[in-house]
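Chemist: got a sequence here, can you build the structure:
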Amino acid sequence: LGLIAAADLGESLGRSERGLAEAVERALVRAGLPTRVAGLPPSAAVIERMLDDKKVLGGRLRVIVPTRARRAAVIEGPDRGLVARAIDRLRV
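Modeler: Next up is the predicted model:
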């Protein structure tokens, strides 16, 4: 699920190829994996938990987004509104 959100965020930031999030989602469906979740906490709460991740540096959120097949980029301090939108995409 995080990979879908990361690809969506990457697209929103203009760092990922357009359509990558949909391609990731289709691949997960083919593999029989979930692409949506019920009962996901509010996005603000998820972001707060993300701030406890090992990738946070100096209190700044860092996320890894896929940019295209087999490539990724580190995004430091992404817009939290865009992060919340990517998380919201995962809701049932």
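Chemist: residues contacting the residue lying farthest from the centre of the chain?
Modeler: Farthest-out residue of the chain from its mean C-alpha position, per CA atoms, centre = their mean: residue 58, at 20.7 Å. For residue 58, the contact set (CB atoms under 8 Å, 6 or more residues apart in numbering) is empty. C-betas here are computed from N, CA, C, even on glycine.
Chemist: any idea what residue 65 is bridged to?
Modeler: According to DSSP bridges, the residues that bridge with residue 65 are residue 73.
Chemist: can you map out the helices along this structure?
Modeler: Per DSSP state H, the chain carries helices over the ranges 2-12, 20-30, 43-50, 80-88.
Chemist: and the last one, what does it pack onto?
Modeler: So the one you mean is helix 80-88. Using 3 or more CB pairs under 8 Å, 6 or more residues apart in numbering; DSSP states H and E as the contact test, the elements touching helix 80-88 are helix 2-12, helix 43-50.
Chemist: okay, buried residues for the first one please.
Modeler: When you say that, I think you mean helix 2-12. Judged by neighbour count using 16 or more other CB atoms under 10 Å, the buried positions of helix 2-12 are 3, 4, 5, 6, 7, 8, 9, 10, 11, 12.
Chemist: swap in the last one?
Modeler: By neighbour count on 16+ other CB under 10 Å, the buried set for helix 43-50 is 43, 46, 50.
Chemist: and for stretch 14-24?
Modeler: The neighbour-count check on stretch 14-24 (16+ other CB under 10 Å) flags 15, 16, 20, 21, 24 as buried.
Chemist: and the residues you listed, which is closest to residue 71?
Modeler: Nearest to residue 71 among the buried residues of stretch 14-24 is residue 16, at 9.2 Å by CB to CB.
Chemist: wait, what's in contact with the closest one?
Modeler: 7, 10, 65, 66, 67, 68 are the contacts of residue 16 under CB under 8 Å, 6+ apart.
Chemist: and the pLDDT at the third one?
Modeler: In this model, residue 65 is scored at 97, pLDDT.
Chemist: what do you get for residue 42?
Modeler: The model's pLDDT for residue 42 equals 97.
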